[in-house]
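next input, structure requested:
(one chain, ligands or ions: 1)
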Amino acid sequence: MPKFYLTTPIYYVNARPHLGHTYTTVVADTIARYQRMCGFDVFFLTGTDEHGETVARSARKAGVEPKAFVDEVAAQYQRLWKTLGLEYDRFIRTSEPGHAAAVKKIFQVVKRAGYIYKGKYEGLYCIPCELYVTDPTPEGNCPTCGRAPERVQEENLFFRLSAFQERLLEHYEKHPEFIQPVTRRNEVISFVRSGLRDLSISRTRFGWGIPVPDEEGHVFYVWFDALTNYLTGIGYGAGGAKQREFSRLWPADLHLVGKEIIRQHAVYWPAFLLAARLPLPRSVWAHGHWMFEQEKMSKSRGNIVRAEPVHRVLGSDGLRYFLLREMVFGQDGNFSYAALLTRYNSDLANDYGNLASRLLTMVERYFKGEIPYPSAGADRTAEDKEVEAVAEKSITRFQQCFDRYDFSRGLEAVWSLIAALNKYLVETEPWELAEDETRRARLATILWTAAEGLRIATALLYPAMPTASERIWSQMGLEGDPSQVKLDELSWGQLPTGTRIGPFESVFPRLDKEAVLRQLRELEEKLTAGPTGAAPGGAVAADEQNWITIDDFAKVEMRVGEVRSADRVAGAQRLLKMMVDIGDEVRQIVAGIAEAYSPEQLVGRKVVIVTNLQPRRIRGVESNGMIVAAAVGEQGRPVLATFSEDVPVGARLK
Ligand code: MSP
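Numbering: from 1, shown residues only. You can find the predicted model right below:
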C-alpha cells in the first residue's frame, strides 16, 4: 500500500484551542479518512508547540511552572480532539525528551555542514509571534499580528538561509505542487526572489526551550525547534524500528498550515532540510482564515469561537460539515452561528437526514424492513436512469474535488445526488404506488434506486461526516462500515440483495434556530468565563469578577447623537435640557453637565447617547435617554465621550 503522511501545525499552548485550530485538524482528519478510502496507508500527525517566550510568560502569569502549564493545555487539546472524534496517529509535544534529542541531532548535522555561525542580532522582535520583525508595518508594528514589537539586542546563532535562495527557487520551479494554492506560491517566490537574510536560530532572552549543544545560555528558536516535530513525530533520530518507520514515511506528503505561517513552512523548513540533506516534503498547503465579526479569529482580538458549544448542540458532524462546506479551501471564510444553523437545517436536516428517514420508513412500511430488489427484466424508466447517471457523476466529481482539497465543491457534488434523490421520490410518488397492489414491482424498483443512491452518498460523506455516515450505513443494514469502501471501486449497482434495515432514528433532527442560537451563546459564555473551561491563568471565575454576559451588554443600546439645542433648566444649576438627534428621531435629554459645558459649547456636537433607558422625569422635565461621559477627578467632573473621527448620527455603538 502506498503511504500518505500528513501533518497539521503544532499549536501553541499559550491559549486554549479555538475554532481556527479545530478547522485545520478537522481538515486533516477528513483528508486522512479520504486517503484511506483511496487505498493509502495514512499517517496523521498533530501536536503542540510548547516552548518559547510567550508560553513562559503565560505560565508565569498563571503562577505555575512552564511544564505544569504546558501539560495542562496540551491535555486540553488532546481532550478536545477526542471529543470531536479527530483520529490522529500521533500527538507530538515539543517538550518530549525524544524531540529535544532529535532537534539537537539535526542541528549538529546542519552545523557540521557549515550552515551555522555566531552573530549579533539587533532590531525589533515580536514576542507573541516569536519572530524578529525585519519588515514592520508603516506604523512600526509586527506584520503578522499588528502588535508593537520590542527592540532587542542579543548574540545568536545564525543559519545561512541566504545560501539556499537559488536552490529554493529551483525547487519551486520544478515542483509547482510544492506550495499551494498558487497565490501563496507566488507570494513565497517573490519573497525569496527579493533576497533571503540569514536566520537567527537561537535565543538567550529566555530559558524555556531546548538548550543548544555547546552553547551555554542559548536555547533553540521556536521555529527551528517546532518545524523539526514533523521529523521527530515519525521517529527521526530514535534509532531501530522507529528509524525504519521514519524512512518509510518521510518525506511528508502534505503539511497543512494556515496562510500566516507559509513562510516558515515553504522557506525556512525546506532550507533546514536541504542543509540536513533530507528530502523535502511533497507539498505545503496553506488555507485561509476563519473570520469572526469581520476579523481574523484570534485570542488577542478577543473574537474567538470555540468548537465545544457547537459540538454540544449540533454534534461533531454538524460542525465538520459547516467548516468544510462553507469555506472555499484556500480562501478566508466568515463564521456566524446563523449561517451554521441555516446550513445545518437546510442541508443536513432537510436534505440528507430527511432523505434517509423518508426512505427507511417506506422500506419498513411497504417491504417489512427489507430493501426490495428490482425484479429481473423490470423496465427502467428515464427517471431511474437519470438517478444512476447523477450518482456516477457525483462519485467522479467528488473524487476530483477531494483530490485537490476542494471540499466545498466535493460536498456540493454529493448534494447534487441527494437533491436528485429527493426529487426522484417526489416525482415518482412511491406512497401513491403503495396503494396499488399491481404496482409493487415499480415500487420495488423506486425504493431500491433511492436506497442505492443513498448508499453511494453515504459512502462519499464518510470522510467529512464519519459518525453520521456510519449511523446511516448501519440503519440501512449495510455490512461493515463506510470507511471500508474503496472509493475506486464504488459504483452504481452494488447494493446487496436482501439487505435488512436496522433500527431507525433521526441523525440530523431539525433545530429551532432561535432557541439553539441562545443555547450556543450561553454555552460559549460559560466556557469563556467559567472556572473549569478557562486556560490556566486565563479568565477568572464569573462570580468573582461580577462579569456581565455579552447578552447583558447587548441590552444597552448606545447611539451617536447630535445636539440640536441646549438650554439650562430653571432652578437647577447642574442641569441642561438638550434636544438630540439620534438618526431616526430627536430626543429630549436632561443631563447634569451644566457646570462643565455651556449650552453654546454643545450645540452641533456629536455625543454618545444610551437610547433605550426607561424615560424618567428629572426636576419635572422628561428625559428620554442618557448622555455618556467620563467622571473625572474626585468631584466626578463630566467629560463627554467623543470620537476622533467623524461618525454618522444614529450609528450604533457595540
Ligand atoms: N506553533 C505554531 C506552528 C508551528 S508548526 C511547526 C503556530 N501555532 S498556532 O497555535 O498559532 O496555530 C496556528 C494555526 O492554527 C494556523 O496555521 C492554522 O492552522 C490554525 N488557525 C489558527 N487560527 C485560525 C483561523 N482563524 N482560521 C483558520 N485557521 C487558523 O502558529
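
how much space is there between Thr449 and the ligand?
Distance, Thr449 to the ligand, by CB to the nearest ligand atom, to the nearest Å: 40 Å. For every residue, glycine as well, the C-beta is placed using N, CA and C.

quick check: pLDDT value at that residue.
If you check Thr449, the pLDDT there is 97.

can you give me the neighbour number for Pro638?
Residues within reach of Pro638, counting by other CB atoms under 10 Å, total 20.

so it: helix, strand or coil?
Secondary structure, DSSP: H, G, I helix; E, B strand; the rest coil: Pro638 is strand.

number of residues surrounding the residue in the chain that the ligand sits nearest to?
Nearest to the ligand in the chain, going by CB to the nearest ligand atom, is Gly20, at a distance of 2.2 Å. Per other CB under 10 Å, the neighbour tally for Gly20 reads 22.

does it really touch Val257, like I thought?
No: with contact defined as CB atoms under 8 Å, Gly20 and Val257 do not form a contacting pair (11.7 Å).

could you point out which element follows the host helix or strand of the residue of the chain closest to the ligand?
According to DSSP states H and E, Gly20 maps onto helix 19-37. Sequence-wise, the next helix or strand downstream of helix 19-37 (DSSP H and E) is strand 41-49.

quick one: check that following strand for contact with the ligand.
Yes: residues of strand 41-49 are located near the ligand by CB under 6 Å from any ligand atom, namely Asp49.

next, the buried residues of the helix or strand following that strand.
Going down the chain from strand 41-49, the next helix or strand is helix 53-62, by DSSP H and E. Under the neighbour-count criterion of 16 or more other CB atoms under 10 Å, helix 53-62 has 53-59, 62 buried.

how close does Leu199 sit to Thr8?
23 Å (CB to CB, to the nearest Å).

tell me which of these two has more neighbours.
Thr8 (24 against 21).

does the ligand sit close to the helix or strand harbouring the more buried one?
Take DSSP H and E as the rule and Thr8 turns out to sit in strand 3-12. Yes: counting by CB under 6 Å from any ligand atom, the ligand is contacted by strand 3-12 at 9-12.

residues of the protein that sit close to the ligand?
9-12, 20-21, 23-24, 49, 226-227, 229, 257-258, 260-261, 289-290, 296-297.

hmm, try it at 5 Å
9-12, 20-21, 23-24, 49, 226-227, 257-258, 261, 289-290, 297 (CB under 5 Å from any ligand atom).

Tyr125: what secondary structure?
Assignment for Tyr125 (three-state DSSP): strand.

shift numbering so it begins at 320
Noted, 320 is the first residue going forward, which turns the last one into Tyr444.

dump the residue contacts of it.
Neighbour list for Tyr444: 450-452, 468-471 [criterion: CB atoms under 8 Å, 6 or more residues apart in numbering].

if we can go back for a sec, the helix holding Gly339 vs strand 322-331, what angle?
170 degrees (axes from the mean of the first three to the mean of the last three CA atoms, to 10 degrees).

just read off the phi/psi values of the nearest residue to Arg938 once chain neighbours are set aside.
Nearest residue to Arg938, sequence neighbours excluded (CB to CB, 6 or more residues apart in numbering): Ala891, at 4.9 Å. Main-chain torsions, Ala891, degrees, to the nearest 10: phi -130, psi 100.

run a quick neighbour tally on Ala891.
Ala891: 16 neighbours (other CB under 10 Å).

ok, now the one 3 residues further on?
The tally of other residues near Leu894 (other CB under 10 Å) stands at 20.

before we move on, what SS does it have?
strand.

for it, give its distance to Gly939.
11 Å.

same check, this time on Ala378
Counting by CB to CB, the gap from Ala378 to Gly939 is 60 Å.

test my guess that Glu372 contacts Val538.
No: Glu372 is beyond contact range of Val538, at 9.9 Å (criterion: CB under 8 Å).

burial measure for the residue nearest to Ile714 when sequence neighbours are not counted, as a count.
Distance criterion CB to CB, 6+ apart; nearest residue to Ile714, sequence neighbours excluded, is Leu809 at 5.7 Å. The tally of other residues near Leu809 (other CB under 10 Å) stands at 19.
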